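Visitor: Need coordinates for the below:
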Amino acid sequence: MNQKNYEYLKDQLLYSGFGEGMDSNLQKAMKRGKDQFTLNFKKEDDAERIAAQIRFSRSKQSDMYFFNAYDLKVTNKSTQKELKQRFYVNGRDRFTLKEAYNLMHGRAVHKELTSKDGDRYRAWVQLDFKTMDLEGNKKFRQFHDNYGFDLDRELKKFPIQELQYEDNKAYLISSLQRGNRHEVTFLLEQGPRNVSIEANPKFKSVAIYDGQMRLEFVSENLNQRAEIKSQNQSNKIDPEELKNHHADKTQNKGKKI
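Guide: Numbering: from 1, shown residues only. So this is what the prediction gives:
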């Protein structure tokens with residue numbers, strides 16, 4: 001077994017979000033010397049079961065193995081509905097387990113990718129649930145920087161407490177870029193209110209969810225009736241104004257995710 005190759009693959013699994021629990025099985029599989037092998041990963045909570053089949057193949061020119069892809073399946077325990085998708089690993093271009101999970105739930109992830117010419121670029125990536133490839137996997141949609149979505153600009157439309165401090169702001173943006181639905185505090189006239197937000201690059205907006213994870217509105221729908229001057233966080237808005245914006249369905253049509 002190639003020890004350096006083993007250490008490299010072990011780190012790949014760790015940084016991809018699969019932890020260290022498969023190190024022993026990885027070593028055993030590499031020692032068997034087969035052309036291909038898979039490792040199984042399982043995790044669950046009260047709501048979902050997550051299972052991944054991680055695929056490796058051996059080089060035809062050496063004893064080195066490569067982490068090629070993983071097949072991810074997420075099962076809702078209540079409805080037994082299953083989501084399935086294969087995520088390929090191409091050098092530095094790979095989605096972590098958490099990013100893949102977020103993609104499968106319809107959210108977008110901001111990644112640095114490699115073009116066909118070898119150039120590095122950044123883009124928001126989202127699964128297209130209406131379009132499949134020949135293997136039955138959902139195709140990816142990309143929204144490049146020139147598409148016009150500016151996450152920082154959209155966040156400034158809201159009286160978000162976490163934007164007051166640079167460290168908290170950086171953490172929030174990083175979390176949203178990984179595709180997370182992140183809880184924040186709105187500073188409203190009637191007091192602070194906790195909501196959850198997520199990036200919505202397709203519609204160049206930020207989606208806002210209440211405590212029951214119900215979509216309330218997206219940033220693109222706000223108009224002049226609610227002046228949100230969050231560049232100066234001392235300004236606050238009336239929550240009733242926010243509800244009024246969401247009620248205007250003619251403007252909001254097609255913007256929900």
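Visitor: measure the spatially most central residue of the chain to Thr96 for me?
Guide: Centroid-nearest residue in the chain: Gly179, 2.4 Å away (criterion: Cα atoms, centre = their mean). Distance, Gly179 to Thr96, using Cβ to Cβ, to the nearest Å: 10 Å. C-beta here means a position set from N, CA and C on the backbone, and glycine is covered the same way.
Visitor: what do you get for Phe66?
Guide: For Phe66, the distance to Thr96 (Cβ to Cβ) stands at 18 Å.
Visitor: same question, Lys204
Guide: For Lys204 relative to Thr96 (Cβ to Cβ), the value is 25 Å.
Visitor: Equivalent analysis for Leu163, please.
Guide: 26 Å.
Visitor: Wait, the residue nearest to the centre of the chain touches Gly106, no?
Guide: No - at 9.4 Å, Gly179 does not count as touching Gly106 under the criterion of Cβ atoms under 8 Å.
Visitor: Any idea which helix or strand in the chain has the lowest mean pLDDT?
Guide: Lowest mean confidence among the helices and strands of the chain (mean pLDDT, DSSP states H and E): helix 249-252, at a mean of 34.
Visitor: where in the protein is pLDDT low?
Guide: 212-213, 215-257 (pLDDT under 70).
Visitor: how about the helices of it, start to end?
Guide: Secondary structure of the chain, counting by DSSP state H: helices at 3-13, 23-32, 97-104, 151-155, 166-177, 239-247, 249-252.
Visitor: Please tabulate those helices in CSV, including the columns distance to Leu127.
Guide: Conversion of the helices of the chain to CSV gives the following (distance: least, Cβ to Cβ, whole Å):
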stretch, distance to Leu127
helix 3-13, 23
helix 23-32, 28
helix 97-104, 5
helix 151-155, 19
helix 166-177, 16
helix 239-247, 26
helix 249-252, 23
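Visitor: Could you list the domains of the chain?
Guide: The chain breaks down into these domains under automatic domain parsing: 3-105, 151-252.
Visitor: who wins for proximity to Glu112 among the ones you listed?
Guide: domain 3-105 (7.6 Å; Cβ to Cβ).
Visitor: That closest one: end-to-end distance?
Guide: Its first and final residues considered, domain 3-105 spans 37 Å by Cα to Cα, to the nearest Å.
Visitor: Equivalent analysis for stretch 80-97, please.
Guide: 21 Å.
Visitor: which residues are contacting that stretch?
Guide: 12, 15-18, 41, 50, 52, 67-76, 100, 103-105, 109, 111-114, 127, 135-138, 178 (Cβ atoms under 8 Å, 6 or more residues apart in numbering).
Visitor: at 6 Å what do you get?
Guide: Stretch 80-97 has contacts (Cβ atoms under 6 Å, 6 or more residues apart in numbering) with 16-17, 67-75, 100, 104, 113-114, 137-138.
Visitor: list the buried ones in that stretch?
Guide: Leu83, Gln85, Arg86, Phe87, Val89, Arg94, Phe95, Thr96, Leu97 (16 or more other Cβ atoms under 10 Å).
Visitor: hmm, back to that, what's the most buried one of the helices of the chain?
Guide: Of all these, helix 97-104 has the most neighbours on average by mean count of other Cβ atoms under 10 Å, namely a mean of 21.
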